[in-house]
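Q: Following is a predicted model, sequence given first.
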Amino acid sequence: MSETSDIEQGTVTAPAEPPVVPRAPLVQRVLVGLLLLGGLVGLVATFTFATTGNSSTSSNAPDFVERLVPESGSEVLTQSGVGIDVAAGYDGYLIVNGVEIRTAEDGLSKDLGSGRIDFTPGPDKPVSSLTDGQNCVVAIVWKQAEGPERSQPVSWCFDAT
């Protein structure tokens, strides 16, 4: 019995085609790319417009901000009040360490005649005290004539002991 090769018997098979990897449709790839780009733009805008760091950065606040309480980068007691002094014609609310303080029931105090928007932590309030270490506040501020839909965030951080 002689050995015959596959070629002689006609059983040679063609090399297998590489597997086809399905690609996402063009529209889906474009949308994902746009979402990623939008997220990146949002992060850049947040870091560009945020007011944080030492007290010298408080001077970088928008023109409608007259004073941040406490000043950015300062050190205060854990029961200290926080707030913002804005120009006439502005309104807003505060977010203290991620907790929204929007109404008088939450403990928000507003004197729009003087431009003061304040909150003092305490019992039975959404924030009972500032945390030891770094605390951050975001004031959401808008022109009263335009309404909260056109608000601007002003953020700053400070330390509490």
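A: Structure's in. What do you need?
Q: quick one: the strands in this structure?
A: 65-69, 75-76, 82-86, 90-96, 99-101, 108-111, 116-119, 133-143, 152-160 (DSSP state E).
Q: Return the most buried member of those strands.
A: Comparing the strands of the chain by mean neighbour count (mean count of other C-beta atoms under 10 Å), strand 82-86 comes out on top with a mean of 23. C-betas here are computed from N, CA, C, even on glycine.
Q: what pairs with that one, and is each one parallel or antiparallel?
A: Strand 82-86 sits in its sheet next to strand 65-69 (antiparallel), strand 116-119 (antiparallel), going by DSSP bridges.
Q: Adding distance to Gln28 and mean pLDDT, write those strands out as a markdown table.
A: Formatted as a markdown table, those follow (distance: least, C-beta to C-beta, whole Å; pLDDT from 0 to 100):
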| stretch | distance to Gln28 | mean pLDDT |
| --- | --- | --- |
| strand 65-69 | 43 | 96 |
| strand 116-119 | 44 | 98 |
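Q: Just send these back as a markdown table, with distance to Pro22 too.
A: Compiled in a markdown table, the strands paired with strand 82-86 are given as follows (distance: least, C-beta to C-beta, whole Å):
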| stretch | distance to Pro22 |
| --- | --- |
| strand 65-69 | 53 |
| strand 116-119 | 54 |
